Every structure is written in C-alpha cells, then in structure tokens.
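K.L.:
no FASTA, just this:
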C-alpha cells in the first residue's frame, strides 16, 4: 500500500501531463501548467546549454505541439520516491504540421519519453526529460514504424 504523500506526488505529475494534452487540444492554456510549477522551475533536457525556466519549457514544447496537434501522452507507469516521480510515457500523435523542417506526412507516430519531476510543496520545481526524437524522426521520414 502506498502512503498518501506518494499518491499525492503521482497525482501532481499526472495532472501536469494531462494538462499538456489539454493545451495540445486547445482545451487549456499554459497558465494551468505554470500554476503547477514553482517560480524557480527548471527543465533539464539534452540539447540545451543548461536548465531552462518555464518560458523555455513552453518554447521547447511549441514545435512538437505544432507538428503533432492533438497529441496524447499515455503514462505507462509511474514510480515515486522521496520528492521525485518518474514517468514512462508514450506520446501518440499524427504528423499534421511541419516538424523540424519536415512537411506533414499524416503518419501516426509514437515517441517514448522518460521524465522525472521533483516536487516541493505540491509544485514541480525541477523536471528532467529524455525523448526519443531520433525514433520520431525515423517514423515521419518513413524509415521507422509505430
């Protein structure tokens, strides 16, 4: 049986992920996601010179949301310990917009994502994200499969 603090951490993480879907479907705006983060929020992700703040998170999210409008995050599992939640996610979408210079192919895609959220006082303070962009690019180019 999980204690209530672990359940609470998982709920915060799941809410944040669900809001990303809502933003992609134009059912919510970024302010709802921002409300779940601290003012000193930091995103750590490969390809950046260092951590970025929430505005950087938005900037980095726009290309995927424009290339795959209406995307959906399927949380396969969550593990929580201490102040962190690890999420194994499969992102589902259709390549209906230009992404990284590739015109829409209308192919269905899946992308594996692992993220870790550090939560303090009910808000996400730090976020590490690893996404299989290479596999995604192979799918939209026709070299990989869903």
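P.N.:
Yes, it's here. Remember, predicted model here, so these are calculated numbers, not experimental data.

K.L.:
and the next helix or strand past the helix or strand where residue 87 lies?
P.N.:
Secondary structure from DSSP states H and E places residue 87 in strand 84-94. Reading on from strand 84-94 to the C-terminus, the next helix or strand found by DSSP H and E is strand 108-120.

K.L.:
that following strand to strand 84-94, inter-axis angle?
P.N.:
With axes from the mean of the first three to the mean of the last three Cα atoms, to 10 degrees as the basis, strand 108-120 and strand 84-94 are set at 160 degrees to each other.

K.L.:
in the strand holding residue 87, what's buried?
P.N.:
For strand 84-94, burial by neighbour count (16 or more other Cβ atoms under 10 Å) applies to 85, 87, 89, 91, 92, 93, 94. For every residue, glycine as well, the C-beta is placed using N, CA and C.

K.L.:
could you pull out the helices for this protein?
P.N.:
4-24, 30-34, 54-67, 133-141 (DSSP state H).

K.L.:
which one of these lies closest to residue 123?
P.N.:
helix 4-24 (7.6 Å; Cβ to Cβ).

K.L.:
now do the closest one: which elements does it pack against?
P.N.:
For helix 4-24, the packing partners by 3 or more Cβ pairs under 8 Å, 6 or more residues apart in numbering; DSSP states H and E come out as helix 30-34, helix 54-67, strand 72-81, strand 84-94, strand 108-120, strand 123-131.
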